[in-house]
Structure formats: structure tokens, C-alpha cells
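[1] predicted model, plus sequence, below.
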There are 2 protein chains.
Amino acid sequence: MRGEQRRLAEDILFCDMYELTMAQLYHDAGLADRTALFEFSFRSYPDYGEHQAGYCVFAGLEWLYDWMDECSFGPDAIAYLGSLQGRKGRPLFDAGFLERIAAGSPFDGLTLEAIEEGRIVHPNEPVVAVRGPLLQAQLLETSLLNHLNYQTLVATKASRVRESARGGPVLEFGLRRAPDRGGSAGTRAALIGGADFTSYVGMSRVLDLEPKGTHAHSMVQAFMALGMEELGAFRAYADAFPDDCLLLVDTIDTLSSGVPNAIEVFGELRSRGHEPIGIRLDSGDLAYLSLQAAEMLDEAGFPDTTIVLSNQLEELAIWQILAQIEREANPGEASRLIRRLSFGVGSRLINSAGAAYLDGVYKLVAIEDGGRWVPAIKVSDNPEKTTIPGHKQVWRVYDRRGRATADLMAMRDEHPDAGQGITLHHPSEYQVRRVLSPEDISGMEPLLKTAYEGGKRSNPEAPLQELRDRRQADLARLDPGVRRLVNPHRYHVSLTAGLWGLKQELIERARAEQRR
Amino acid sequence: MRGEQRRLAEDILFCDMYELTMAQLYHDAGLADRTALFEFSFRSYPDYGEHQAGYCVFAGLEWLYDWMDECSFGPDAIAYLGSLQGRKGRPLFDAGFLERIAAGSPFDGLTLEAIEEGRIVHPNEPVVAVRGPLLQAQLLETSLLNHLNYQTLVATKASRVRESARGGPVLEFGLRRAPDRGGSAGTRAALIGGADFTSYVGMSRVLDLEPKGTHAHSMVQAFMALGMEELGAFRAYADAFPDDCLLLVDTIDTLSSGVPNAIEVFGELRSRGHEPIGIRLDSGDLAYLSLQAAEMLDEAGFPDTTIVLSNQLEELAIWQILAQIEREANPGEASRLIRRLSFGVGSRLINSAGAAYLDGVYKLVAIEDGGRWVPAIKVSDNPEKTTIPGHKQVWRVYDRRGRATADLMAMRDEHPDAGQGITLHHPSEYQVRRVLSPEDISGMEPLLKTAYEGGKRSNPEAPLQELRDRRQADLARLDPGVRRLVNPHRYHVSLTAGLWGLKQELIERARAEQRR
């Protein structure tokens, strides 16, 4: 797609058709300016099959705001919409409607309350609440979901990789197998969620990080084909980057060729006053090879060199590699080796292998009528898909140890009082509840804060490091069982008694409607 | 990301860092202008776990060309690269190198030969061959892989959905859970691979297709909350789009509320001289509900209305729904119902659920030395990961019935002669070969054709329908066993005896090198 086409497709028309047809109808029905409240939530944690997330890292919000700030119903989009015809050849959208949307900016009436980007979030709770004219709020649906679902998915996976890698640097290498330009968002999300650096030069630049990378097999192959062999390739690389020499050692054979050749070149570098960075292993049994290579590097006098591992890595693979190293080596040797490892993580991180998408939804929860909020509900045969109605706040409840123990949804005009003790109701199962006495609670924090209003952000864009700090602070306050990579403990997302009652009342009303 | 940042990140810096460090080295070593040959191939068909692809639909090429045409080492990119420093604070890239890349356009020396976009392709064969100055060819790596891997993955999934849906229209609905801007490429790939239309307005515009979509649950919820009930919502929709009325009937209860209300509104429409389009079912047992809804619509006098199914659909789900309809209904009723179905396919198509990425690679296979090609190889302990060296052509061999029976890789100066009979060698297992006599062969077609040269496409961009036609023509010539959704028959990708010999020779040479 050419740049010019991209700008057409990904401006205001980065939406689904039904948002526009509904907008026309709201215009016709006099409902376009009626104040509505939509919520973004997701239904379940990513489940990777043999392992599952116990929390998500929220990401994507700043890029949503960028899109909202930059898009508009320009003359060109309006002309296109005006040209669309129905089955009978009549225009789908009428002139009055097109005039309405062409005036002003598409989202200037909206107020967004959101949990901060980078923070830990959980299913079925509002992560973003969008309030404003029904037409504008409806129109935001697809773009909001698109921006938030994917980045949250990848940030979550990255946080798991980060935990599996313990302290070791995590390098994001995924652009080549990323979903086209989605690679930019995926890279950012990986960096929010736990990756330290990326090989993607353009995003390194935008995020002001050092881009990482050295050389490919092809460089060694080219030198070999020209009769200069692996050693010649390594020498040429060391000549070009004497202070930044990291060599990929598996083009021929890691232990019989790559590592010995690397050591030879490292010696030459040192004799010229330079210290090498290290080696990269990209195939084979990475635990075994890193143990052997480390020993060879130690013996040759390079105990401080880094060993970068790559090749289909993700959280369980890294976990297993480190466990194998601990089993095969003595404790001192194992922990010294683990401290010198870095992890290059590509395809499986940026594509969230095993869990293809986050199932985020955008649901109407209330609409204004006669100056008050009327709660709205979508009933489903599956109780977990029934929406939680009304204008809400999410309170994070911290236990005596200062750990997050539950997220509690309350109606906006309730203020749960820790001093009175709190009853947590399961969102759909009546019998399931939990009582916290005042002494069980060390604090309660409202998570939804006004973030976008009057066509602009309420606060300046937060730098990457701030998002990472939020994640780390939240992780430190999360139960280790919830952070577990496999079969994590279930975090409690609950309702107040008041909200639980409202939900039941609306379900009853919908059922009565259905019987009529 | 703001548009201005996006243009910086996704122009020439849409690459991995190591391509630039290798480029600097090639410059230093006097190899930058050495003619090299790289190939794009993928290693395996997407495997979705419980089902597997037996072929891939190639997609992404035209968008790669667009990127190549538009990107450049502008002053800004050069300044950025010039600012990058190594560990010791010295510039990573030197002035001579930066001057070199700033001159001319980044890919003007490259010739690409490619299998045409839209065609069926198979693992381990060169799908694109890139020939030209080593520096330029290396620099293309990440962007080429990024553009081709994802679109091929999604086009392949779409082709499977298309097959499961039999003749029924397939509507792409995935933007909301697509990977950020990757949704644009994914939508295009879905439309090449088998989707008929998309709900994504912007891409519909770019590809000149009618965007599809009607309304969401939120519309019905809003009317209900305001006391106008589902019937009021349906009436309002029918008023706005009397000739294009398709109603989502599962907001309250499909059979007791949605379908009866839709029928009432359809009757009102008809009395005003309009015919409805139909209904959409988005939850519950779609086979059972579509049978019941069809009966209700028939009885009410609307036997020609469409029934759109959606909700986590993909190839096996559609296959099972149609099988269930055939089991539950009598044959005439079942086939009549199946003919009126459409399928809205979203998250699972655009994210290729179950198979997160295509494992495409970009490998050096030859480099010019003294006016001749020197083949290059990357040896691996895993025989399937050892590259197939040299300058090659891929021949598609058609059997007596006119069906594709094998893809045969040959050296470029070989011309396999069907009149002599052909021996097909397995790429890595010596004992596995197959002999085709002249009468077994109805035709042989060279698949790699010059597609990009001298900084531009060799042919004008092919319209979407042409890509779809290529896919359909190739599918018609594919064995039904290879097209099977589960456990497909394995298509033969083979080598000529000459190429097999070359590969063994280079493996031996690499092993000898390693022993030295």
C-alpha cells in the first residue's frame, strides 16, 4: 500500500462499516448527541494452551490518543462516504448526516477515563470508560479495540518473558515475522511489557533506545563462499566494530568452529586494546551449548563476555533452559552463567504465540435520559458474557501485606469504605463472595482516572520508562501465585453488593421483556 | 504513534539493526557492490494444532514493492544513523558509509524474481529471489520478510475458510482484534485468500470493494435503555436503511425476541415496498439457531432472506456447523439453508489463530566471484534447515489430469525435460525419490519470473481480482487431498539430481572446513 493510500485507509475510515450506519441512524433518530457510556474490557486472560497468563499489562492507550488527535472527516472521506450506495443504488448516507460529521473533530465531545497504561489489569473490569455523544462514542469502537487489544496482548507476553529471564536482558527481535506495520505497535508493547531493547531501528529511534543487533548467518556464508571462511568474516566484523563485537557462532558448528574462531578474534581484539562483547547462539540445545561455550570463553580468558540466546524463545523455553543449566552445572557456575545470558525473543513474542488475540470488547453500559444515567445491559446465555451495567469505578484493594488482593467494581456514586469492611461478590455466581474486614485492608485505590477530554489528553504523553515503572510497581504488589507462568492463581475481580443487585435487576427486566 | 513518527519508523528504518551493521562491514570489506543472491522461502505450512494447511497462498508482494519504491535514506535517517554510538562513545557508522547509502535509492540495483502473488506455494522452495549488490540485498531482509510472512499466513487461512464455507459469502470482520495497523495488510490478505468483503471501511475504499456491516448490540441496548425496546431499534434501522436492512437478532434472545421482532419489521418494510436483506446470528448454537430462524422466516414469507453467522468462526467451526445442518435437516432443506448463509469471520482469521506466524526466512544462496555464481549454504544439524544453495528455478509439474503433482527445484542452467522423464529427489532424504515418465507429465511451468528491476515493478500492480483468479486457478489444479482441512496429503517439493548433488557437495565442503 502506498503512503497516500495508507493515510486514507488508516485515518477516520480505520473503522467498521456498522459504526457509520449506526451513526446515520442515531442522527435520524435524534440520538446522536445523547450522552452514552461505553466500556472497554476483556473477557479472559491470554491462554497459551500449556500455560496461561494470570494478569495482563495494559498497553496501547497513548497510540489511541494519537489516532484520535490526528484523524478527521476530511472532504475526501466525506466524498467517499457520500458515494456509497445501497442495493437500490440510492446513497447510503444522507447529506444532513454527512454535514454533521464533517463539522468539528470526530471525538471532541468524548471524555475517556482509563486505567493507566503499563498497569496490571484483569478481565471483566472496565479498563477504559468512554463518555460522550452516542454518535462519537460509537464511532470510536473499532479503533479503540484495535489499539488496545493487540498491545495489551503483547505487553502481557513480554512481562512473562521478562519474568522467565530473571534479571537477564531481553531483546525484541520480532519485526521480520511481525504482522506488517503492526510490528511497530508490537515492538512498543514488548518494550512496555518487559523487553529492554529492540532490533527494530525505526522504533528504537522513536522510543529513544539504542537499537540492538550484530550480524546474520548470511555474512559468514558470504565470506565462506568467497574463500575467506568464518574466521575471515569474524575478523572483518571485529575490524568494523572493535568495541562492539558480538559474533554469531552457529553458521557451521558452534563448538568446533564458531566459538574457537570467535575466541581467536577476541584475542586479536584484546591485543589491539579492545574488549569483545560476546557471542550469540541461534540453534541447537541452547542450555548445553551455552554451558560449553561459557567454559571455553572462561578458559580463553573471556569470562565477562555476554552470551545471547535466540531461536524460538518464549517464557517456557527460557524457563526450561535456565532450569537445565542449574541441573547440569554446579550452583556457582550456573548462577554465573545465568548472569551473563541475554535473550533474543522474536516471532513468539510479537505474535503472542499460542494466544492469537485478546478478546477485548466495547460495550454500552449506560445512556443518559432526562438528566440521569440509565444503565444498559447485554444479556447472554453465557453468564460471563453478560455485561456489567452502569457507570462504575474500579477499586484495587490491597491486603495487610500491601499486596493487591482484589479489584472491586462499584457504582460511581458508591464509595466502598474499607473502615466498614467489604464484601466482594463474584460477577456472576451468587454464592461466591468473600468478606474483608477493616484490618484485612491496607488501602484502596480508584483505578479509572480522567485521561482524555475536550479533544485532548489530560496529561502529557508518558515516556516509556514511566510505563515500565508502573508495571514493575504493580508486579511487585501482585501475589507470586498470580504471577506464576503455568496455571496461575486466580485474581479476584468482584462487584459490590449494590452493583450486583443492579445487574440482577436488569437481567430480570430483560427477561420480562422477552416473555412479553 | 503520531503520523510524523510513523513515517520515520516505517520508512527505510523499518529494518533490523544488524542489516545496517553488516552493510557498514560490507562497505569496509569492499563487498558492498558484490552481486549476491538471496531467497525467500518458508519452512513449513501453518499448523493450527488440530488441523494443518497443505498449501499456502502467497501474498504481500505488491506492498513490499510499494515500500521499496517509497523509502529512502533521507537526510533525517542519515543524521540519526550518524548519531548512533558504540560502547566507547565512538560513532557506529562512518562518514564514507553514510555517504554511500545516502546516494541513490536504497534498492535500485536489485532484481526480484518472484512467484506471482495469489498463487499456491509450498515450503522450502524459493518464492522470491533477490539479486543485486550485497549491501542492498541484505538491507531488504527484514522488510521483505515482514511484508510476505504475515500476508501469506492470513491469505492461507482465508483460503481454508473459503473452502469450508463452500459457496457462501465470507465477510472479513477482524479489524477490532487485528494487530494495530497490521489490520490493513491482514484485511488485504484475507480478501486475496478467500474473503469476499470486509467491514473495514478504509481498506474497502483502497481496494474498491463495498464495505459491509449493519449494526451492533449497542444500538439495541441503547433503544432498550430508553424504553423503545428491540422492536423500536429494528424499526429505526429499517427506516434509515429500508433497502439494506439486515438485523442482529441476539441481543435479548434470538428465537423468542430477535427473530419475531425482525419478522414484524420485515413485514412493515414489505408493506412499504421494500424487501429486507436478512438477519445476523452472533451467539449460541449457530447451526440450531439458523435452522430455527430459517423456518420462522420461511413461514413468515421471507424465504429469500440471508442469514449471516458470526462469533469466533474459522474453517473447522464452519465445517462443523454445515455438517450439523445437514444432519439435522432433510437434504432439500439443508442445502437451501446453506445457500442462504453468509459467514462473518473476524479474530481467528486476521490473527491466523493456532498458527501465530509463517516461518519465512531470507537466505544467501549464491554470491558472484570472478564473473560466476559461487553457491552458498547454511548447514544445520536439522537437515530441513540446511539451505538449498545456488541460483535456481522452480518448475511446477502437472500430471496427466492437469493437476499439479510436484514443484521441482532445478539449477538455473538446467532445463528439466519432460520428454526424458523426470526424477524428483527429496530435499534432504537420499532414498526418497519419485520418477515421472514422459507420459505422466502434461506440462511444466517455471514459477519464478522477473517482477522488479531497476527500482521499479516489471508489470503494473495487479488488481485484487486478478490475484483471486490466480488462487482459484491454482486451487482447481490441486489434488483434493492436498486441499483437505485436516491432515492434508503432502505435496511434493523436490530437487533435480543436479541440484541434489550440488547441495551434498557443499555440505561435505562445510564439514571439511569444520574439521580443519
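    Yes, it's here.

[2] make it CA atoms for all contacts and neighbour counts henceforth
    OK.

[3] what's the separation between A:Gln24 and A:Leu31?
    10 Å (CA to CA, to the nearest Å).

[4] ugh, typo on my part, it should be A:Ala222
    67 Å.

[5] please identify which of A:Gln24 and A:Leu31 sits among more neighbours.
    Under the criterion of other CA atoms under 10 Å in any protein chain shown, the comparison of A:Gln24 against A:Leu31 puts A:Gln24 first, with 25 against 18.

[6] the helix or strand where that one lies close to chain B?
    Taking DSSP states H and E as the definition, one finds A:Gln24 inside helix A:17-28. Yes. Counting by CA under 8 Å from any CA of the partner chain, chain B is contacted by helix A:17-28 at A:17-19, A:21-22, A:24-25, A:28.

[7] closest to A:Glu125 among these?
    Ranked by distance to A:Glu125 (CA to CA), those are led by A:Glu19 at 23.6 Å.

[8] which residue packs closest to the closest one, ignoring adjacent ones?
    Nearest in space to A:Glu19, with sequence neighbours left out and distances taken as CA to CA, 6 or more residues apart in numbering or on different chains, is A:Leu139 at 5.2 Å.

[9] can you pull the pLDDT of that neighbour?
    We note a pLDDT of 98 for A:Leu139 in this prediction.

[10] and it, how many neighbours?
    Counted with other CA under 10 Å, A:Leu139 comes out at 23.

[11] tell me how far it lies from A:Ala95.
    Going from A:Leu139 to A:Ala95 by CA to CA gives 18 Å.

[12] now swap in A:His51 and tell me
    Distance, A:His51 to A:Ala95, using CA to CA: 53 Å.

[13] ok, those two, which is more surrounded?
    A:His51 (17 against 11).

[14] so that one touches A:Arg483, yeah?
    No. Under the criterion of CA atoms under 8 Å, A:His51 is not in contact with A:Arg483, lying 11.8 Å apart.

[15] quick revisit: OK, contacts around the residue nearest to A:Glu19?
    A:15, A:19-20, A:23 (CA atoms under 8 Å, 6 or more residues apart in numbering or on different chains).

[16] and A:Arg177, by the same measure?
    A:346-347, B:145-146, B:149-150, B:357-360.

[17] between those residues, which sits nearest A:Arg400?
    A:Gly346 (39.8 Å).

[18] now the stretch 201-350 of chain A against chain B: closest residue?
    Here the stretch 201-350 of chain A gets closest to chain B at one residue, A:Gly202, 3.7 Å apart by CA to the nearest CA.

[19] which SS state does that residue fall under?
    With DSSP: H, G, I helix; E, B strand; the rest coil as the basis, A:Gly202 sits in helix.

[20] same question for A:His215.
    coil.

[21] please apply the same query to the one 5 residues further on.
    Secondary structure for A:Val220, judged by three-state DSSP, is helix.

[22] and it, what is it in contact with?
    Taking CA under 8 Å, 6+ apart as the test, what A:Val220 contacts is A:229-230, A:233-234, A:251.

[23] out of those, who has the most neighbours?
    A:Phe234 (28 neighbours).

[24] what strand or helix carries that residue?
    Short version, using DSSP H and E: A:Phe234 is in helix A:229-240.

[25] counting contacts, what elements does that helix pack onto?
    helix A:217-225, helix A:259-271, helix B:17-28 (3 or more CA pairs under 8 Å, 6 or more residues apart in numbering or on different chains; DSSP states H and E).

[26] among those, which comes closest to A:Asn330?
    helix A:259-271 (22.3 Å).

[27] now A:Leu316, what's its secondary structure?
    Classified using three-state DSSP, A:Leu316 is helix.

[28] show me which residues of the stretch 251-400 of chain A sit near chain B.
    Neighbours of chain B within the stretch 251-400 of chain A, by CA under 8 Å from any CA: A:251-253, A:256-257, A:284, A:347-348, A:351-360, A:363-364, A:366-367, A:369, A:374-381.

[29] now with 7 Å, please.
    Residues of the stretch 251-400 of chain A lying close to chain B by CA under 7 Å from any CA of the partner chain are A:251-252, A:256-257, A:347, A:351, A:353-354, A:356-357, A:363-364, A:367, A:369, A:374-379.

[30] my guess is A:Phe359 contacts A:Phe42, does it?
    Careful, residue A:359 is Asp and not Phe. Yes. Using CA atoms under 7 Å, A:Asp359 is in contact with A:Phe42, at 5.4 Å.

[31] count the neighbours of A:Ala512 for me.
    10.

[32] likewise for A:Val435?
    A:Val435: 11 neighbours (other CA under 10 Å).

[33] who touches it in this structure?
    A:422-424 (CA atoms under 7 Å, 6 or more residues apart in numbering or on different chains).

[34] and those, which of them are in strands?
    Mapping the contacts of A:Val435 onto strands (DSSP state E) picks out A:422-424.

[35] which of these sits closest to A:Val265?
    Among the ones in strands among the contacts of A:Val435, and counting by CA to CA, the member closest to A:Val265 is A:Leu424, at 63.8 Å.

[36] quick one: pLDDT of the closest one?
    Per-residue pLDDT puts A:Leu424 at 94.

[37] what of the one 10 residues further on?
    Looking at A:Arg434, its pLDDT is 92.

[38] with adjacent residues omitted, what lies nearest to the residue of the stretch 1-150 of chain A found nearest chain B?
    Closest to chain B within the stretch 1-150 of chain A is A:Ala9: 3.7 Å, counting by CA to the nearest CA. Of all residues beyond its chain neighbours, the one nearest A:Ala9 is B:Gly202 (3.7 Å), with distances taken as CA to CA, 6+ apart.

[39] distance of that neighbour relative to B:Asp244?
    20 Å.

[40] looking at these two, which one has more neighbours?
    Just comparing B:Gly202 and B:Asp244: by other CA under 10 Å the higher neighbour count belongs to B:Gly202, 27 against 20.

[41] gap between the more buried one and B:Glu461?
    Using CA to CA, B:Gly202 is found at 19 Å from B:Glu461.

[42] ok, A:Leu144 next?
    For A:Leu144, the distance to B:Glu461 equals 32 Å [CA to CA].

[43] what angle sits between the strand ranked longest in chain A and helix B:217-225?
    Taking DSSP E as the criterion, chain A has its longest strand at strand A:360-369. Relative orientation of strand A:360-369 versus helix B:217-225 (axes from the mean of the first three to the mean of the last three CA atoms, to 10 degrees): 30 degrees.

[44] show me what strand A:360-369 is packed up against.
    Applying 3 or more CA pairs under 7 Å, 6 or more residues apart in numbering or on different chains; DSSP states H and E, we find strand A:360-369 packed against strand A:35-42, helix A:141-164, strand A:372-375, helix B:217-225.

[45] contacts for the host helix or strand of A:Tyr452, please.
    Assigned by DSSP H and E, A:Tyr452 falls within strand A:449-453. The contact list for strand A:449-453, computed with CA under 7 Å, 6+ apart, reads A:110-115, A:457-459.
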